[in-house]
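Novice: could you look at this predicted model? Sequence included:
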Amino acid sequence: MTEFLLLGFSEVRELQVLHSMVFLGIYLAGLVGNLLVIILVVVDHHLHTPMYFFLMNLSILDLGSISVTVPKSMANSLLNTRSISYAGCVAQVFLFIFFIVVDFAFLTIMAYDRYVAICQPLHYETIMNRGACVQMAASAWISGIPISTMQAGNIFALPFCGGNKVDQFFCDIPQLLKITCNDAYLIFQQKGSLLIGVSVIVAAAGGRGYG
Ligand SMILES: *[C@@H]1O[C@H](CO)[C@@H](O)[C@H](O)[C@H]1NC(C)=O
């Protein structure tokens, strides 16, 4: 297998152009919104607190996750093609999982940040000091690598015997699993590793918090 086919929204040329324009609009809105958040946090000194630094990280993650999926779909519609190379699909799955995992890790950290601010306001400055924030942010980013490698590796280790049509506008995991040889054990393993991944993040964030 050298490529996958991403099923587009329509065969009609006008609708394909409309689709890419709508996606372009949505993509630009996401881009501008997140860039505004980043610029505001960098420029405004009142926003130099852990919460806004974490928000800035979240904006970068958002930019990443829309950039791995939406532009390819737009380009395919415009060029009237459906194909995505095998490597492109692997990259999409890997990066998409990476951004989502790190996103969840940051949401967990931000929840902890608010917990400390509300429940232990007098200790806030000492608990959420600069070192702790950087350490938590770094572990969030790093935790994405093993988890997304494991997930993407698990999916692409499966043989594809259901054709190469992916019924989605990007290489989406459930749709990819549908066209693999439907081996319940491997799918279970895939779900299992997701569960392990999520628990590791929660445990790590929790452990850091109480440590
Ligand atoms: C992410 O958050 C950390 C922790 O607050 C901060 O030090 C870092 O500058 C942020 N990184 C970016 C790129 O926003």
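Specialist: Looks like it came in fine. Numbers count the residues shown, from 1 in each chain.
Novice: poorly predicted segments of the protein, please.
Specialist: For the chain, the stretches with pLDDT under 70 are 8, 182-190, 200-201, 203-211.
Novice: swap in 80 and give it another go.
Specialist: The chain contains residues with pLDDT under 80 at 1, 8-10, 182-211.
Novice: the longest helix seen in it near the ligand at all?
Specialist: Criterion DSSP state H: the longest helix present in the chain is helix 86-119. No - Helix 86-119 stays clear of the ligand (CB under 6 Å from any ligand atom), getting no nearer than 8.1 Å. Yep, even glycine has a C-beta here, placed from its N, CA and C like the rest.
Novice: which elements pack onto that helix?
Specialist: On a contact count with 3 or more CB pairs under 8 Å, 6 or more residues apart in numbering; DSSP states H and E, helix 86-119 meets strand 3-6, helix 50-79, helix 124-127, helix 130-157, helix 173-178, helix 184-210.
Novice: could I get the ones you listed as a markdown table with distance to the ligand?
Specialist: Below are the helices and strands packed on helix 86-119 laid out as a markdown table (distance: least, CB to the nearest ligand atom, whole Å):
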| stretch | distance to the ligand |
| --- | --- |
| strand 3-6 | 31 |
| helix 50-79 | 3 |
| helix 124-127 | 13 |
| helix 130-157 | 4 |
| helix 173-178 | 27 |
| helix 184-210 | 12 |
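Novice: returning to that earlier point: which parts of the longest helix of the chain are buried?
Specialist: 88-110, 112-113, 116-117 (16 or more other CB atoms under 10 Å).
Novice: same question for stretch 33-46.
Specialist: Buried residues in stretch 33-46 (16+ other CB under 10 Å): 34, 37, 38, 41.
Novice: in a markdown table: those residues, plus secondary structure and distance to residue 172.
Specialist: As requested, those are arranged in a markdown table below (DSSP: H, G, I helix; E, B strand; the rest coil; distance: CB to CB, whole Å):
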| residue | secondary structure | distance to residue 172 |
| --- | --- | --- |
| 34 | helix | 22 |
| 37 | helix | 27 |
| 38 | helix | 27 |
| 41 | helix | 31 |
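Novice: now for those residues, which pair is the farthest apart?
Specialist: Using CB to CB, the pair of those lying farthest apart is 34 and 41, separated by 10.9 Å.
Novice: for the protein, list the residue farthest from the centre, please.
Specialist: residue 122 (34.7 Å; CA atoms, centre = their mean).
Novice: quick check: closest non-adjacent residue to residue 31.
Specialist: residue 63 (6.7 Å; CB to CB, 6 or more residues apart in numbering).
Novice: settle this for me: that neighbour is touching residue 33, isn't it.
Specialist: No - using CB atoms under 8 Å, residue 63 is not in contact with residue 33; the gap is 9.6 Å.
Novice: circling back to that earlier point, who's in contact with the residue nearest to residue 31?
Specialist: 30, 31, 34, 35 (CB atoms under 8 Å, 6 or more residues apart in numbering).
Novice: what about these, which are in helices?
Specialist: Among the contacts of residue 63, the ones falling in helices (DSSP H) are 30, 31, 34, 35.
Novice: can you redo the residues you listed as a markdown table with distance to the ligand?
Specialist: Below are those laid out as a markdown table (distance: CB to the nearest ligand atom, whole Å):
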| residue | distance to the ligand |
| --- | --- |
| 30 | 17 |
| 31 | 16 |
| 34 | 11 |
| 35 | 12 |
